[in-house]
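> turn this into a structure:
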Amino acid sequence: MIQILFRADASIRIGSGHLMRCLTLAHALTEQGYHCGFICQNLPGHLLSLISEQGFKACLIPVCQNEQTDAAHCLELIKNPVELLVIDHYQLGRGYEQLMRGSAKHIMVIDDLANRPHDADLLLDQNLLPQAKLRYSNLVDSRCTLLAGPGYALLRTEFYQAQPEQRDRLLVNFGGTDPDNLTLLALDALDLLKSLSIHADIVIGRSHPAADLIRQRCEQQPLWQFHQQCNYMARLMRQARLMLGAGGSTHWERCFSALPGLVVTVADNQRQSTEYLHQLGACIWLGDAALQTKDKLAQAIAASWQDEMLLQQMAKKASDLLPRQAGTPAVVKAITELMRF
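Alright, predicted model coming up:
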């Protein structure tokens, strides 16, 4: 019987970040003996097969236009009340949560926008922002426990187990779906840097619309290694001298791995935390996706790749943000304490 139910979506348009961090948490809770399941909307690129492959029961609901309809479809699927409902969804807030209260003993919200009220017992925002907890002061009531900051970043087990490796590669990853096709633009940039002989790992998700073309480009270039929906990102980060990629949850994987980063923001919600990390010296923000060209990316890669002092300073700044015991264990501890009552 499902004890913990996740409500999160993935699609070609919104990407896979919400679902992937929920899967990370689901695996950690499963290790504690809980049975987890998922409800997702039937969107293009929903990744239901990935959820099933990872051992979790998952159900699809129709695409919903409002919280009330979404809740109605979810309630039809919940035969027995669950101990915990985890919601990671920008279009769902207090209205949805109140409708779900009768079928969930506890409610947890994963958010990073702080733009809508919640009826939650536990709220996680893993972003690093000034006065992070104050952002939710008028959005949740006093009984809600706030987990704020990268000390609660949801990191997969592989990151805690990864061993140091020789750092001599460039890692390129713009998220699971890369809707702006920045991966191909990065390959164009690398073509301009052949004189540097940079060995690169090119990582894309299962639903990337240009997967075949990217694979072909990598097969034609012996210095590039193609990876799709890999489960060893921690190892790739430990092998990398520099990463070129998007913001979002990848920030905390990169920081935990002491990996310098060139970051392109691909969604509005990534901008504030990326700019702050840039100010702290933990990454270099290259701006939004629409501003990128192959020449700009090539210049940024070349300048950083050849500046050893800059890379060392960036790596230290990034690593200092996340202590070795930070992240998923702290979130699991907070959840288990909540579910005792």
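> how near is Cys64 to Arg116?
Plainly put, Cys64 is 16 Å away from Arg116 if you go by C-beta to C-beta, to the nearest Å. Where you see a C-beta, it was placed from the backbone N, CA and C, and this is true even at glycine.
> and if you look at Ala162?
36 Å.
> okay, the two: which has more neighbours?
Each of Ala162 and Arg116 has its neighbours counted (other C-beta atoms under 10 Å); Ala162 has more, 19 against 14.
> test my guess that that one contacts Leu236.
No - with contact defined as C-beta atoms under 8 Å, Ala162 does not reach Leu236; the gap is 9.5 Å.
> and the contacts of the helix or strand Cys22 falls within?
Using DSSP states H and E, Cys22 sits within helix 17-31. Here helix 17-31 makes contact (C-beta atoms under 8 Å, 6 or more residues apart in numbering) with 4, 6, 8-10, 36, 38, 40, 47, 50-51, 54-56, 86, 88-89, 110, 154-157, 175-176, 248-249, 328-329, 331-332, 335.
> can we see that at 6 Å?
Contacting residues not belonging to helix 17-31 are listed as 4, 6, 8, 10, 36, 47, 88, 154, 156, 248-249, 328, 332 [C-beta atoms under 6 Å, 6 or more residues apart in numbering].
> so which bits of it are buried?
Buried residues in helix 17-31, defined by neighbour count with 16 or more other C-beta atoms under 10 Å: 17-29.
> make a markdown table out of those and add pLDDT and distance to Ile214.
Shown next, in a markdown table, are the buried residues of helix 17-31 (pLDDT from 0 to 100; distance: C-beta to C-beta, whole Å):
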| residue | pLDDT | distance to Ile214 |
| --- | --- | --- |
| Gly17 | 89 | 20 |
| His18 | 94 | 23 |
| Leu19 | 96 | 21 |
| Met20 | 93 | 19 |
| Arg21 | 94 | 24 |
| Cys22 | 98 | 26 |
| Leu23 | 97 | 23 |
| Thr24 | 96 | 25 |
| Leu25 | 98 | 29 |
| Ala26 | 98 | 29 |
| His27 | 97 | 28 |
| Ala28 | 96 | 31 |
| Leu29 | 97 | 34 |
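> which residues in the protein form helices?
Using DSSP state H, the helices of the chain run over 17-31, 48-53, 67-77, 94-100, 157-161, 182-191, 211-219, 233-239, 250-256, 268-280, 294-305, 308-320, 328-338.
> please work out which of those helices is packed deepest.
helix 250-256 (a mean of 25; mean count of other C-beta atoms under 10 Å).
> what pLDDT, on average, does that helix get?
For helix 250-256, mean pLDDT is 94.
> hey, C-alpha coordinates of that helix in PDB?
What follows is helix 250-256, C-alpha atoms only, in PDB (Å, rounded to 0.1, in the frame of the first residue of the first chain):
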ATOM      1  CA  THR A 250      22.000  21.000 -10.900                       C
ATOM      2  CA  HIS A 251      23.600  23.900  -9.000                       C
ATOM      3  CA  TRP A 252      23.700  21.800  -5.800                       C
ATOM      4  CA  GLU A 253      25.000  18.700  -7.400                       C
ATOM      5  CA  ARG A 254      27.700  20.800  -8.900                       C
ATOM      6  CA  CYS A 255      28.500  22.600  -5.700                       C
ATOM      7  CA  PHE A 256      28.600  19.400  -3.700                       C
END
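> do you know how far the residue of the chain most remote from its centre is from Ile202?
The C-alpha centroid of the chain is most remote from Ser195, which lies 33.4 Å away (C-alpha atoms, centre = their mean). Plainly put, Ser195 is 19 Å away from Ile202 if you go by C-beta to C-beta.
> what does Arg143 give?
46 Å.
> repeat that for Gly37.
The gap separating Gly37 from Ile202 is 33 Å, by C-beta to C-beta.
> circling back: redo the helices of the chain as JSON lines? Include distance to Asp168.
Converted to JSON lines, the helices of the chain look like this (distance: least, C-beta to C-beta, whole Å):
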{"stretch": "helix 17-31", "distance to Asp168": "27"}
{"stretch": "helix 48-53", "distance to Asp168": "31"}
{"stretch": "helix 67-77", "distance to Asp168": "47"}
{"stretch": "helix 94-100", "distance to Asp168": "48"}
{"stretch": "helix 157-161", "distance to Asp168": "20"}
{"stretch": "helix 182-191", "distance to Asp168": "15"}
{"stretch": "helix 211-219", "distance to Asp168": "18"}
{"stretch": "helix 233-239", "distance to Asp168": "7"}
{"stretch": "helix 250-256", "distance to Asp168": "17"}
{"stretch": "helix 268-280", "distance to Asp168": "24"}
{"stretch": "helix 294-305", "distance to Asp168": "11"}
{"stretch": "helix 308-320", "distance to Asp168": "12"}
{"stretch": "helix 328-338", "distance to Asp168": "29"}
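> on that earlier part again, Gly37 and Ile202: which is more packed in?
Neighbour count, other C-beta under 10 Å: between Gly37 and Ile202, Ile202 has more, with 25 against 19.
> test my guess that that one contacts Leu171.
No - the criterion here is C-beta atoms under 6 Å, and Ile202 misses it with Leu171 at 8.5 Å.
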